[in-house]
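Peer 1: structure for the following, please:
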Amino acid sequence: MIQNAFSLSIQDIVKVLQCDTQHGLSNEEVQKRLLRFGPNKIPEKGPKRRILILADQFKDPIIYILWIAFLLAIILGDWPEGIAILVVIAITIGIGYFMELQAVRALEKLRSLGRVRTRVLRNGKIKTVGASALVPGDILLLQAGDIVSADARLFSVEGLRVKEAALTGESQNIEKTIPPLPSDTLLPVFCKRSGFIRANNVRCPKRMHCLQF
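Peer 2: Okay, here's the model as predicted:
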């Protein structure tokens with residue numbers, strides 16, 4: 001809905017999202033936005049069976065080429081070469097299978113975020129709703145240990161520090177602030193649209209507020 005929100009001021013974002021940081025959205029507005037944007041969750045499909053994941057690995061053009069090379073080696077009587085190619089095929093298929101399996105599991109974890117309960121400000125009152133019920137313009141109230149289940153822009157923080165060791169190798173927790181960043185700032189790919197890092201290891205002594213979009 002908003003491109004490069006990290007480079008915009010809070011006032012600009014509030015204007016674009018047409019929301020109220022003091023009272024939040026009304027129930028009527030929430031329903032309108034749910035109809036317009038849909039639920040805040042990844043579209044669900046049936047779980048992909050492991051046999052299908054394995055079968056997909058054989059559709060790789062590289063595998064086709066290796067099979068042809070294997071057959072040629074056997075036809076020419078070069079059994080050591082054929083066996084070596086067969087081993088390469090097995091390794092390639094195995095690596096592809098486990099990588100896709102990990103991707104499927106990661107997607108399931110992302111879908112599970114839709115079942116997380118999140119505190120929001122609506123009609124001037126704090127409510128707890130399912131993450132799938134969040135809409136653009138919602139005011140999220142987050143505390144230490146909360147899971148951030150939507151792209152968001154911070155507008156009020158108190159002592160927010162984020163553990164980024166897995167991303168940058170930095171051992172110290174990094175303090176986060178709310179001023180906008182330059183529009184050409186390089187951000188990690190997974191938060192390039194919001195400027196807000198989604199992390200499970202969020203440490204903030206009090207609380208933080210953010211706009212969801």
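
Peer 1: retrieve the pLDDT associated with residue 5.
Peer 2: We have a pLDDT of 72 for residue 5.

Peer 1: leaving aside the residues next to it on the chain, what's closest to it?
Peer 2: Sequence neighbours aside, residue 153 is the residue nearest to residue 5 in space, at 4.8 Å (criterion: CB to CB, 6 or more residues apart in numbering). (Each C-beta comes from the backbone N, C-alpha and C, glycine too.)

Peer 1: the strand or helix carrying that neighbour pairs with which strands, and in what direction?
Peer 2: Under the criterion DSSP states H and E, the helix or strand holding residue 153 is strand 152-157. On the basis of DSSP bridges, the sheet neighbours of strand 152-157 come out as strand 208-212 (antiparallel).

Peer 1: quick check: residue 62 touching residue 89?
Peer 2: No: counting by CB atoms under 8 Å, no contact exists between residue 62 and residue 89, whose distance comes to 9.3 Å.

Peer 1: out of those two, which sits in the busier spot?
Peer 2: Remark: of residue 62 and residue 89, residue 89 carries more neighbours, 18 against 11, as counted by other CB atoms under 10 Å.

Peer 1: with just CA atoms, put stretch 32-50 into PDB.
Peer 2: As requested, the backbone C-alpha atoms of stretch 32-50 are provided in PDB (Å, rounded to 0.1, in the frame of the first residue of the first chain):
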ATOM      1  CA  LYS A  32     -14.300  -1.800   5.100                       C
ATOM      2  CA  ARG A  33     -10.600  -2.400   4.900                       C
ATOM      3  CA  LEU A  34     -11.000  -6.100   5.500                       C
ATOM      4  CA  LEU A  35     -13.300  -6.300   2.500                       C
ATOM      5  CA  ARG A  36     -10.900  -4.200   0.400                       C
ATOM      6  CA  PHE A  37      -7.600  -5.700   1.300                       C
ATOM      7  CA  GLY A  38      -8.600  -9.100   2.700                       C
ATOM      8  CA  PRO A  39      -7.200 -10.800   5.800                       C
ATOM      9  CA  ASN A  40      -3.600 -10.400   6.800                       C
ATOM     10  CA  LYS A  41      -2.400 -13.900   6.000                       C
ATOM     11  CA  ILE A  42      -0.700 -15.900   3.300                       C
ATOM     12  CA  PRO A  43      -3.200 -17.700   1.100                       C
ATOM     13  CA  GLU A  44      -3.500 -21.300   2.300                       C
ATOM     14  CA  LYS A  45      -3.100 -24.300   0.100                       C
ATOM     15  CA  GLY A  46      -3.100 -28.000   1.000                       C
ATOM     16  CA  PRO A  47       0.200 -29.300   2.400                       C
ATOM     17  CA  LYS A  48       2.500 -30.400  -0.300                       C
ATOM     18  CA  ARG A  49       3.300 -34.100   0.000                       C
ATOM     19  CA  ARG A  50       6.900 -35.100   0.300                       C
END
